[in-house]
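Peer 1: Dropping the sequence and predicted coords here.
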Amino acid sequence: MNKNILILCTGNSCRSQMADGYLKEFAPKGATIFSAGIETHGVNPRAIEIMKEDGIDISLNTSNHIDEYADVVFDYIITVCDNAQERCPYFPSNAFKFHYNFPDPAKATGTEAEIKSSFKSTRDLIKVYCKEFNSAYL
């Protein structure tokens, strides 16, 4: 089952990177996972840390711009924030499109423990979503 899946977010730094890590973990062999942003902000160190706590290493991931994948034929496109869904330039595709607006942990404020809690909460939501997506569509 060769499926190409694009996970799209604003800066390709947190939420899309977490979803990338989980889908790569859960998806069957033959599925290729891509993640991109409508901008590139680099992979957030806190996202790397919180994923590592759950046994997923995204430390070698890169922050990619959607234009890099203009020639890829996608089966599924998942937007993980409202901003990306609203601002995404026209991306010609016959892919099935999915959207879920996950909270942005990069915007969390407070103590380090409170910020970490925000990252963990978003990570856990994304993990459940990715498991369910995998079960339903892959």
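Peer 2: Alright, I've got the coordinates. Keep in mind the model is a prediction, meaning the values are calculated, not measured. Residues are numbered from 1 along each chain as shown.
Peer 1: State the distance from the spatially most central residue of the chain to Glu39.
Peer 2: When CA atoms, centre = their mean is applied to the chain, the residue found nearest the centroid is Ser16 (1.8 Å). Noted for Ser16: a distance of 11 Å to Glu39, by CB to CB, to the nearest Å. Placement of C-beta: from N, CA and C, glycine included.
Peer 1: Kindly report the same for Asp67.
Peer 2: Noted for Asp67: a distance of 11 Å to Glu39, by CB to CB.
Peer 1: So Asp75 sits against Leu6, correct?
Peer 2: No. Contact status for Asp75 versus Leu6: not in contact, 9.1 Å apart, counting by CB atoms under 8 Å.
Peer 1: out of those two, which sits in the busier spot?
Peer 2: Each of Asp75 and Leu6 has its neighbours counted (other CB atoms under 10 Å); Leu6 has more, 24 against 18.
Peer 1: hang on, the earlier thing: for the one helix or strand the residue nearest to the centre of the chain maps to, which outside residues touch it?
Peer 2: Taking DSSP states H and E as the criterion, the element that holds Ser16 is helix 15-26. Surrounding helix 15-26, the residues in contact under the criterion CB atoms under 8 Å, 6 or more residues apart in numbering are 5, 7-9, 31, 33-37, 43-44, 47-48, 50-51, 56-58, 61, 63, 78, 80-81, 102, 104-105, 122-123, 126-127, 129-131, 133-134, 138.
Peer 1: could you flag which of the residues you listed are buried?
Peer 2: Buried residues within these, defined by neighbour count using 16 or more other CB atoms under 10 Å: 5, 7-9, 31, 33-37, 43-44, 47-48, 50-51, 56, 58, 61, 63, 78, 80-81, 102, 104-105, 122-123, 126-127, 129-130, 133-134, 138.
Peer 1: Thank you, goodbye.
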